[in-house]
Each structure stands twice: as C-alpha cells, then as structure tokens.
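> Provide a 3D model corresponding to the input given below.
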Amino acid sequence: MIQAERAAIPEGPLLPGLLDTTRQACEHGRALLGLARSRLRARLGGGGRVSGAALEAHQSAAHALAWLATCAEGLVQLQGWAERLAAEDRLGEMEQLILQIGFGEYLAQIAGGIPMSQGEIARPADLGLEPDDLLPPPVVSGLMRAGNSDGARARLVELMEAREGASSFGATGLGDEDEMIRDMFRRFAEEKVVPHAHGWHLRDELIPIEIVAEMGELGVFGLTIPEEYGGAGMSKTAMCVVSEELSRGYIGVGSLGTRSEIAAELILGGGTEAQKAEWLPKIASAEVLPTAVFTEPDTGSDLGSLRSRAARDGEDYVVTGNKTWITHAARADVMTMLVRTDPATSDHTGLSMLIAPKPRGSEAEPFPAPGMTGGEI
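Take a look at the predicted model:
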C-alpha cells in the first residue's frame, strides 16, 4: 500500500517555494526515466547489445519510453527557462503560473499516462514501473495535485486578457535579436497575410507567388543555411520564431519555410559537395521551392514500411508508387523523396533519399511532369 505525506495546498493559485519544488520535480522525472530505461533494457537484451528483434517485439514500450524521456526533458528545459528569468529578476506572476501549470500537468501525465495519440497512452506499467516507483517527494506530490488547478488557470487567463494583442505571453527568455526577428515577421504577417488568408482558404487558392517572393527577400528560406551557401546561418530557434509568427497569420504560409528547412538539413547532412553547391543557394534565395515527399497511404508515420520503389535505369532512377499529404506538392520545384531502393527489404534498411527536380505546377495544371499525377487538397 502506498503511503505518503500530503503536502498542504495553499489558498492562492501560486504555490510557495515554486522554483525549489520544480527543481525536485525534475530530479523525480530523471529518476523515473532512468528506472524505466533500465527495466526496458532488461527486456531488450540486458546489459549487452540491444536486440533488434526484441525492440520490435516491445516497440510499444520503446515508444512510451521516448515519450517519457521527452516529458522529463521538457520539464528540465522549462526549469532552465524559469531559473534564467529568475536570475534576471524577470520571473513574474505570469511566468510562475506558466511554470507551475506546466509542471502540474506533465507530472500528472507521467504518473497516470502520457497521451501519445488519440488512442495510445504511455502507461507507467508499460515500462515496468510499479506504483511505489511513482511515489514523489511530498512537496512534488503537492505540485502534481495543485499545480494545474482551476484557480491557477483562471488567473493565467486573466493576466493574458490584460495583455491581449501581445506577441507572446510571459517573458520568452529569447535574446534581443530573436525578439527583433519576431517583431519583423509579426508585422509582415499582419500586413501581408492576415487580411487575405481566409479568402485564400475559402477559394482553395495557392499562396500568391508574390507573397512567396517577399518571404524569399526577407530570408525565410535560408535562415539556417550556412552563409557560405547563401543562407543567413542563424539558429534553429530563429527558424522557430519565424515559423510561429508566419503561422500566426496563416498556417499555410508558416509551413512554406519548414519545407526549405527539411530539404536543407537533408542536403547538408547527406548530400555531396556538388549537391550542396547546386541546391542550397537556390533554396536560400527562393529560386527553387522544395517539398518533402515521405508519407504514403496506409503507412502514416511508419516510414520503415514505405513501398514506393526507385529502380536504377542507367544514370537515372525510375520511381513508382503513391505519396500523400505532401505539403506544397504542386508548387514545388524539387522533391526530397524517400523511396525503397532495395526491394529485398521491408524496413528502414532498404530506403534511400533522392533529390528529384520537377516542373512547378499551377492551379490549372498541378503536376505537369510526365508520369506524375495527383491533386491538391
């Protein structure tokens, strides 16, 4: 039977000694993760090499471990954000409420089940964790029970309403350069995107090429591409800030830059020097628009099960198969295409990534390339 000292719950929404309590909660999360990892490893091959067959057999537990690790690290990063603000004397009431509510919710999910999808929950028992393992220190137990309270949420919303129209709620902890970038792209979205976005949506139109061109001039498509290849060489954080502000205007505009990020990352990580020199400057300048061609019908995110084939024909590859949910597929000039080049395999080991140019489509003719058909949703 579990017995625990119950921490007193204060009358006000903010818990006393919050930073110390959340610090202990981080330690509790790390301890649970270490315990879960060791117990899963015992099922996957003990102290030696992890068995691929065992990992396949226990894939649900491995998936759950990944989610637990993500939640535990999320708490660590949230704690780091709060401590940096506290050191700068910027941890105000709103920031403390964000910290408290976030910890309260994620601690409750870790203990009761992390929702990985609508129908898949990462339960502690799936990872070999027993009820006694989950028992936190009393002060952390109080945070789990009272952190995400009605009163805390109501007070946070009250503070947010008082700052209606602000670019963000609470101190982001970002530097001056990132905040300047946020302001610039917020203005762009408000002026060029918001007034027209709903009309584009209702008329099922492609985003006007003039908007794409302006985004290219602002450097959206080369944010993290190194300067030697024509990009800005900025951080992933800057890319996230830009994506957030453009998506605030219209998700279709915000997703344009992410296609370039995916393509550039793949080419930087696996491309030849000739491919980098050929494609990265064109992507950075918006001369070409890329798209990621991964997902297939009936496979979802299980990329190891892809069936689209690429067979060698002299110096070329002939690709056959079906792809779906390809963002900006018609408008794109080049595809990063994940295909199966080894027909003897049925998992990730037989897959290859191709860089495949294609003619840009239009609303009248989405896919003008011979042998390519499809539609836009």
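
> of all residues in the protein, which one is nearest the centre?
Centroid-nearest residue in the chain, with C-alpha atoms, centre = their mean: residue 240, separated by 9.5 Å.

> you'd agree that residue is in a strand?
No: going by DSSP: H, G, I helix; E, B strand; the rest coil, the assignment for residue 240 is helix, not a strand.

> and it, how close does it get to residue 248?
13 Å (C-beta to C-beta, to the nearest Å). Backbone N, C-alpha and C define where each C-beta goes, glycine included.

> ok, now residue 86?
Counting by C-beta to C-beta, the gap from residue 86 to residue 248 is 28 Å.

> so for the two, which residue has more residues nearby?
Shown here are residue 86 and residue 248; by other C-beta atoms under 10 Å, residue 248 has more neighbours (18 against 15).

> you'd agree that one is up against residue 189?
Yes: assessed by C-beta atoms under 8 Å, residue 248 is found in contact with residue 189 at 5.8 Å.

> so how far is the helix or strand encompassing residue 336 off the chain centroid?
For residue 336, the element it lies in under DSSP states H and E is strand 334-340. Distance, stretch centre to chain centre, for strand 334-340: 21 Å (C-alpha atoms, centre = their mean, to the nearest Å).

> for that strand, which outside residues touch it?
Contact partners of strand 334-340, identified using C-beta atoms under 8 Å, 6 or more residues apart in numbering, comprise 262-263, 266-267, 279, 288-294, 303, 306-310, 317, 319, 321, 323, 350-358.

> next structured bit after that strand?
In N-to-C order, the element after strand 334-340 by DSSP H and E is strand 351-357.

> and that next one, average pLDDT?
Throughout strand 351-357, pLDDT has a mean value of 95.

> adjacent strands (with direction) for that strand?
strand 334-340 (antiparallel) (DSSP bridges).

> can you give me the helices for the protein?
Listed in chain order, the helices of the chain (DSSP state H) span 18-44, 52-57, 59-87, 93-112, 138-146, 150-162, 176-188, 194-202, 209-217, 236-249, 251-270, 273-285.

> least reliable of those helices going by mean pLDDT?
helix 52-57 (a mean of 86).

> helices and strands around that helix, which ones?
Contacts defined by 3 or more C-beta pairs under 8 Å, 6 or more residues apart in numbering; DSSP states H and E place helix 52-57 against helix 18-44.

> tell me which residues in the helix it packs on are buried?
Residues 18, 21-26, 28-29, 32-33, 35-36, 39-40, 43-44 are the ones in helix 18-44 that count as buried (16 or more other C-beta atoms under 10 Å).

> please state the offset of it from the chain centre?
For helix 18-44, the distance to the chain centre is 23 Å (C-alpha atoms, centre = their mean).

> ditto for stretch 26-46
On C-alpha atoms, centre = their mean, the centre of stretch 26-46 falls 24 Å from that of its chain.
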